[in-house]
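**Student:** Sequence first, predicted model second:
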Amino acid sequence: MDIALKPDGQELVIVRDLRAPRERVFSAWTDPRQAVLWWAPQDCTPLSCQMDVRPGGRWHRTMRVPDGGVITKYGVYREVMAPQRLVFTYGTEYADGSVDPETLVSVTLAERGDGTRLTLRHWAFRSEESRRSHEGGWTSALTRFATFIAAA
């Protein structure tokens, strides 16, 4: 897995090579029955996931964090190009009611030999602390995702 930052530190880029067809990988990102099984860091428990995968459609998911609290993640799809690209807003509401400022995420899937290269870009962070927190969360969630895809 490669992780890179733009010089200003406001963008996170993670690249993963997966041994699965692009259509399968895209499906796991857009089918809430699959996403609820993997879309959370490894130390969290995914609880729910709803998706209306179309430009302007909303997504919403919840997960239990190690201290027992429930965090809500949500956003709106801005771009859906099956099976190669998703762009969506990304918001977080914590168990104490605090809310992170909205950011943006793109997931690009490129065919690569017998698998798929997934490139995740997450940007518009308002602080280095927020970017670092999301780096840890995405890295862990994508490790869980790779295991999920390999088992399918």
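**Tutor:** Yep, it's here. All of these numbers come straight from a predicted model, not from anything done at the bench.

**Student:** From residue 78, how far off is residue 90?
**Tutor:** From residue 90 across to residue 78, the span is 11 Å (C-beta to C-beta, to the nearest Å). To be clear about C-beta, it is placed using only N, CA and C from the backbone, and glycine gets the same treatment.

**Student:** Now for these two: what residues contact both?
**Tutor:** By C-beta atoms under 8 Å, 6 or more residues apart in numbering, residue 90 and residue 78 have these common neighbours: residue 104.

**Student:** Compare the two (neighbour count), which wins?
**Tutor:** Comparing residue 90 with residue 78 by other C-beta atoms under 10 Å, the one with more neighbours is residue 90, at 18 against 15.

**Student:** my guess is that one contacts residue 99, does it?
**Tutor:** No: Residue 90 lies out of contact with residue 99 (C-beta atoms under 8 Å); the separation is 11.9 Å.

**Student:** if I pick residue 59, what's in contact with it?
**Tutor:** Taking C-beta under 8 Å, 6+ apart as the criterion, residue 59 is in contact with 49, 50, 51, 52, 53, 74, 75, 76, 77, 88.

**Student:** Would you mind naming the residues that bridge with the second one?
**Tutor:** Bridge pairing for residue 50 (DSSP bridges) gives the partners residue 60.

**Student:** In contact with it, which residues?
**Tutor:** Contacts of residue 50 (C-beta under 8 Å, 6+ apart): 32, 58, 59, 60, 61.

**Student:** Make a PyMOL selection of the buried ones in these.
**Tutor:** Buried residues within those, by 16 or more other C-beta atoms under 10 Å, are selected in PyMOL with:
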select buried, resi 32+59+61
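
**Student:** Out of the contacts of residue 50, the closest to residue 44 would be?
**Tutor:** Proximity of the contacts of residue 50 to residue 44 (C-beta to C-beta) peaks at residue 61, which lies at 10.7 Å.

**Student:** Give me the pLDDT value at the residue lying closest to that closest one once chain neighbours are set aside.
**Tutor:** Spatial nearest neighbour of residue 61, chain neighbours left out: residue 49 (4.3 Å); criterion: C-beta to C-beta, 6 or more residues apart in numbering. Per-residue confidence (pLDDT) for residue 49: 98.

**Student:** ok, now which ones touch residue 49?
**Tutor:** By C-beta under 8 Å, 6+ apart, the neighbours of residue 49 are 32, 35, 36, 39, 59, 60, 61, 62.
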